[in-house]
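Peer 1: Can you look at this prediction? I've put the sequence above it.
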Amino acid sequence: MRLSLVVLAACVAAVSAGTRGVPQSKQRHYDGETFTCLDGSATMPSSRVNDDFCDCEDGSDEPGTAACEGGSFFCPNVGFRGKTLPSMLVNDGVCDCCDGSDEWESGKCANTCVEEGREWREHMAERIKSVEQGASARLAYAEEGTKATAAAGEKVTEATSRIEALDRRLTDLRAERTAAEEKGKSDQLAAAAAANDAVATALGLDSLDAQALRRAFVQLARDANAKTQAEGVAKAVARAAASPQDAEAAADAIAWPGDDTTPPVAESATSTVDAEIARVQSDRDAAEADRKSAAADTVNDYGPDSAFYPLKGKCFEISITQYTYKICPFVDAKQDFTSLGKFSGWQEGSDHSVMLFTDGQSCWNGPARSMTVSFECGSEDKVLAVDEPSKCAYSSRMSTPAACDANAAKALRLELNEPPAAAEPAAEGAAKDEL
Amino acid sequence: MRALFAALLAALAAQSALAVDRSKFRTCQDTGFCRRHRSKAVEAKWALDPKSLSFAGATLSGRLDGGEAGAPPLSLTVRLLDTGAARIRVVENDGRAPRWESPDVVLEDALRDSSDAAQVRADDAVVRAAAGETTSLPADSDATLLHWTSASGRRQLAAVRFAPFSVDVYSEGKHVVAVNSQGNFYFEHRRVQNEAAAEAASAALGSGGSAGSGRRILDWGEDGKPIYADGDDDAASAEAAPAEGQGDASGTQLLSNSESEEGMGAESFGGHTDNRPHGPTSVGVDTAFPGSTHVYGIPEHADTLALRATAPGSSEAGAHSEPYRLYNLDVFEYELHNPMALYGSIPVMIAHGQGRTAGVFWNNPSETFVDVAKASPGASARWMSESGVFDLTVMPGPSAREVFRQYTAMTGTQAMPPRFALGYHQCRWNYKDEADVAAVDAKFEEHSFPYDVLWLDIEHTDGKRYFSWDKALFPEPAAMQNRLAERGRKMVTIVDPHIKRDSSWRIHTEATDKGLYIKSKDGGDFEGWCWPGSSSYLDFTAPHVRDWWAQQFSLQNYQGSTGSLYTWNDMNEPSVFNGPEVSMHKESKSLGGVEHREWHNLYGLYQQMATARGQELRVADGNTRPFVLSRAFFAGSQRYGAIWTGDNAAHWDHLRIAAPMLMSISLSGLSFAGADVGGFFENPDTELMIRWYQAGAFQPFFRAHAHIDTKRREPWLFGDEVLANLRSTVRTRYALLPFWYTQFYHTHASGEPVIAPLWVDYPTDETTFAMETQWLIGSDLMVRPVVDAGATTADVYFPGTEQWLDVASMERLAPGRATVAAPLDKIPVYQRAGSVVPRQVRPRRCSALMANDPFTLTVFLDSAGKASGDLYLDDGISYDFQRSKSFRLRRFDFEGRVLKSSLAAGSKAFAVANSIERIVVVGLGAAPAKAFATNQDGAETEVDFAYDASKDVVTVRKPGVKAAYDFSVRFE
């Protein structure tokens, strides 16, 4: 504390020696007997600096007054942090600097820098804590996300190779089935020929000469009263052959193809293959389903390290006035039972900070409802606010560790530990030590 | 309601989606009195009895006989006023109580008789000077001649002819106005009413109950259409039901003397029946303007500035077939370029021709149609009003600025607005809650974008109960206003005239218990549908109701209000969603028992009057200027605040029409007017936004507004480039606030319009007579904004014989036509040669924070090396400028290479320390050798200056003089 008082004293001295509204880093431009506009556009006696008349197009000759449109004013805010304001805020009656230096004409503003600095530090400490907690929670999110997406990837690979194997097996089986089918066909032809031979033998056709065959068929043609075709043919052949054979016995002896109860060898062969094919196909379908479900996990963009992955499959609610809003990241958003949109990706250029839900239920007289969800770093997953800035275009804010950046806390720490700007550069070390 | 329902269905069937539903609004043909006036050439039956004449003070009195058989005589007065105006009044002389008149339109106590008015003979020496050497005047046996001199020294004559009765007014040798020269004087005397018949007929007709057709109406939309319980807002499927009443046939039974002329009895339109129990009481007359080629005024119409011919038989290109209508109505999605009625009515017409300007004020707040004709020898108008007295003021000019003074001497001048009201206003239906308000305000801060007022539309209320806040959305309204006020900003909330019929709400129960509501024809409180659902309407025509209303604005009664909260009176035509033409039944009655038809066009004026009073009363000594925006208006509304042109659309043609509409309103005495920047309905693209801001920044009331169904359109939502463009435009407005404020002082003091068409200052230049794309602010700045999509140039007309100065580039333009480059960041604005324009060029958050800033004077010398201008200074908020003359009007004169500042009006008691930081002199011709400034103590010092030879511009740097005090700057 003693040290910071020394710093304060040093700062006050530094400020009173400098040009009003100019940070230390630029003071050297204002130290000469002439002043050159920072944009180099004009040079003038230094008496024209802060004489309440704008001489430089860039406004740099009036850092401590409101004379120039577009000029800027620096307040040292000793005890807190320096701040650069548009110079239109100088002497406008509103206290914009905690040290009150922007209202130097009236002097109406109390110096509240020490108090504000303390509040700010407290606030920053809390913020850092929350950001750090978020960042460490994010590790788990990222781990889960990375694992899950990796596992999903593996699953896809595994299912893919399984599918490939099953596809190979299916190819084989189909070939097998084709071969069996072809063999069956030729077996059938052979069996039919054998059966015909047997019939011919049974009918004694082989013994007939052409003349006899002629007679037999003539007889067959003339015998309109034959009981059955077989009997007719048998009789005809028997007669034609002048054989003593009993025609009925001959007919009975013929093994007619329709009487055979034994299935052909070929059919039983293909049905076995078919069953195998069906089993393999079903295995393949299962593998395809596995692949799809695993692929679904990899198709979404879960952000860096897949840290947003753990939000998938979860829904978050908030009740505002009479409505309950339900946001299911990567799926959809609802206001009670009204769809505010289906997930349609990350907002372009938002660097995985704004999720879009579009094509929700149509508004009366208006567009289809839509919602944006802006994620900010926080230690827990939580909907912070829902708003409807334009009719049926909703916007919401969610906190989540997934949105945390390990470097953010570091940057905040740097900001917190940054010395009061006015104290630069001499007091830099001391200020750092103190904090 | 059954009939109303049917009519709406019929209307809906005929309607197209994007335009006004014309079938909802009456035409002349739909309106008995207008048909009667228009359909027959009214015989000039009325004659002034010479023996009845008397002249006392400055008033001629006499008796008019004639009219229809049995009509009682009428009493005529012609009063000659010191302004030069002549007021002609005709009232019934039938032994009954006089017809109702408002005591609040004409400022009777402020009127002054002409001090030298006299009856003269045709051969009196003064006659020819007033009437002209060659003018043929009636013989003394046919007329009486009245002579008087106006305050500005104009010699004037009125020739009042006996039979047929007519009045001709001459000024400075010219015949400027002829009253009843076409014999259209028309006065329907009051009939004796058969009460029993009226009651019977009334009972038979029914009074309009609940909805028929089996479909339940849940609500009424802002477009006046029913919204059904089955979720349908369209009614194509519904069947027609018989209309309430059956029109004229049944209505004629109401009249004991069996009037048989058409349209004299009950009349039905759109499912509503007007029984007109008092019978026909219309009045009308023609007024001609010899030598005038153009007529202007009678706002509010979305039409050209120069009125078009409407009279039957007009052959002029673009002539309307309908007369211009004056009947304040809430017209949903109004159409451009037609004579339909809109939200406000000012029955003032200004006629202009080569070298002469004259006007007439037809003081009648009942429904009025105006036919315009342009035949030789000059433009003319025919006035047709449903009721009321005949009260016509002839304003002979003969210059436009004299006409403005003659008119505003009758009805008052524009209220001096608090200075903040001239800044930029940010509005939207709706800024939803306190967080939204804070976020929008923070964005303005972040972008260093100046604004003065943030507005809250109807959704801020608890269920459309005005004077209340939605507690969930606005839990800490006073703290919210105070946060804005810390940076000098204000807030406006909407307070409409319809009161939700909620028996648990104090405003309603008090209004009911005290009997403050307008009565229906049956005697109960009138009920109609508006934003809150079933509503009643306060009778603002009654002084005690206005007093009660004013009290509701006390900080105690209006919980959550603060001294930085101001008011917006919308829907005060009045808008009644389920009423005839979306307004009130004409048979409704004021608490004084006067039918709505008599005061319809005054309703909005009276609400704004009461609201303004309420704002004054909330501070102990009433010493604060109110700011109230109203949508409806009438002659005299200028005394109470601002108006805007209602619900326009984000279309280029709506941007274009804003200029003629605002000039028309401005010429009619009401200078504080604006159009919603960006367009209310639909979404403007960035180019339209940019161009609309540019035009709006140079119109008197500058407010961006948007419908609830549109996308957000605050200035930063179009990208950085557009933001920078809009900010630059708004900063230009703020830099010119001293100039604007000075112009408002002038209109307040003298009635001259803040913005005006070019012909007002260039009255002999015919090029300017119909020009409506460019306008003057005061006399010294001329604006020609770009209002066409894709335009990169603008055709500008530079009137007069001197150069004009481009205020941005400091280039000089020769008189005549020129096409100037107008890229997106260019607003063509020019300063008149011979003028001095004051500015405060330092940007600030809002106008209040500019109070101590120094001034820059831009002196643009004419070819004689002279220039003059002025600057009005006061505290910006109180009435001290009136009460204790606590203001200074500084006058600047440049002559002989010396600029002098002197006190033109006000008092030295008002002291402010603002300095002059810069004096820019354009046109000295060469660099001066030296420059010296003399301050108020007489001490002379040499001052620095820079000279830009390429533009002949001298810029004096910090002359060390004060704006409120005498000084001089001389160049050697």
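Peer 2: Looks like it came in fine.
Peer 1: From here on, just use CA atoms for contacts and neighbour counts.
Peer 2: Noted.
Peer 1: quick one: which helix or strand includes the residue in the stretch 251-400 of chain B that chain A sits nearest to?
Peer 2: With distances taken as CA to the nearest CA, the stretch 251-400 of chain B approaches chain A most closely at B:Glu333, which sits 14.9 Å away. For B:Glu333, there is no helix or strand it lies in under DSSP states H and E.
Peer 1: which ones are touching it?
Peer 2: The neighbourhood of B:Glu333, defined by CA atoms under 8 Å, 6 or more residues apart in numbering or on different chains, consists of B:18-20, B:647-649.
Peer 1: residues from chain A in reach of chain B?
Peer 2: Counting by CA under 8 Å from any CA of the partner chain, chain A comes close to chain B at A:53, A:66-69, A:86, A:88-89, A:92-94, A:321, A:365-366, A:389-391.
Peer 1: Now intersect those residues with the strands, please.
Peer 2: Restricting these to those inside strands, with DSSP state E as the criterion, leaves A:86, A:389-390.
Peer 1: ok, now how distant is B:Gly674 from B:Leu655?
Peer 2: Spatial separation of B:Gly674 from B:Leu655 under the definition CA to CA, to the nearest Å is 11 Å.
Peer 1: If you could redo that for B:Arg957, that was the one I meant.
Peer 2: The value you get for B:Arg957 to B:Leu655, if CA to CA is used, is 40 Å.
Peer 1: More neighbours: those two, which one.
Peer 2: Here B:Arg957 and B:Leu655 are compared on neighbour count by other CA atoms under 10 Å in any protein chain shown; more neighbours surround B:Leu655, at 26 against 19.
Peer 1: what's the burial count for the residue of the stretch 551-700 of chain B found nearest chain A?
Peer 2: At 10.6 Å from chain A, B:Glu682 is the closest residue in the stretch 551-700 of chain B, using CA to the nearest CA. Each residue near B:Glu682 was counted by other CA under 10 Å, and the total is 17.
Peer 1: I'd say it and B:Ala649 touch.
Peer 2: Yes. With contact defined as CA atoms under 8 Å, B:Glu682 and B:Ala649 form a contacting pair (6.2 Å).
Peer 1: Separate out the buried members of the residues of chain A next to chain B.
Peer 2: The neighbour-count test (16 or more other CA atoms under 10 Å in any protein chain shown) applied to the residues of chain A next to chain B identifies A:53, A:66-69, A:86, A:88-89, A:92-94, A:389-391 as buried.
Peer 1: mind listing the helices for the stretch 1-150 of chain A?
Peer 2: For the stretch 1-150 of chain A, the helices defined by DSSP state H, counting those that start in this stretch occupy A:2-17, A:24-27, A:113-203.
Peer 1: any idea how far the shortest one is from the chain center?
Peer 2: Shown here is helix A:24-27, whose average C-alpha point lies 48 Å from the average C-alpha point of the whole chain (CA atoms, centre = their mean, to the nearest Å).
Peer 1: Buried residues, that helix. List them.
Peer 2: Applying a neighbour-count criterion of 16+ other CA under 10 Å, the buried positions in helix A:24-27 are A:Gln24.
Peer 1: which SS class is A:Val383?
Peer 2: Look at A:Val383: counting by DSSP: H, G, I helix; E, B strand; the rest coil, its state is strand.
Peer 1: do you know how far B:Ala415 is from chain A?
Peer 2: With distances defined as CA to the nearest CA, to the nearest Å, the gap from B:Ala415 to chain A amounts to 28 Å.
Peer 1: which non-adjacent residue is nearest that residue?
Peer 2: For B:Ala415, ignoring the flanking residues on the chain, the nearest one in space by CA to CA, 6 or more residues apart in numbering or on different chains is B:Arg639 at 4.7 Å.
Peer 1: check contacts around the one you found.
Peer 2: B:412-415, B:609.
Peer 1: Please repeat the previous calculation with a cut-off of 10 Å.
Peer 2: By CA atoms under 10 Å, 6 or more residues apart in numbering or on different chains, the contact list for B:Arg639 reads B:105, B:408, B:411-417, B:605, B:608-609, B:612, B:669-670, B:748.
Peer 1: quick one: low-confidence ranges for chain A?
Peer 2: A:1-17, A:217-218, A:220-269, A:418-435 (pLDDT under 70).
Peer 1: swap the cut-off to 50 and go again
Peer 2: Judged by pLDDT under 50, chain A has its weakly predicted residues at A:1-16, A:259, A:261-263, A:420-435.
Peer 1: Can you pull the domain assignment for it?
Peer 2: With automatic domain parsing serving as the domain definition, the record reports that chain A contains domains spanning A:2-111, A:151-191+A:271-299, A:192-259, A:313-403.
Peer 1: And the strands in the stretch 351-500 of chain B?
Peer 2: Chain-ordered strands for the stretch 351-500 of chain B, with DSSP state E, counting those that start in this stretch as the definition, fall at B:356-362, B:368-373, B:378-385, B:390-395, B:424-426, B:453-456, B:490-494, B:498-500.
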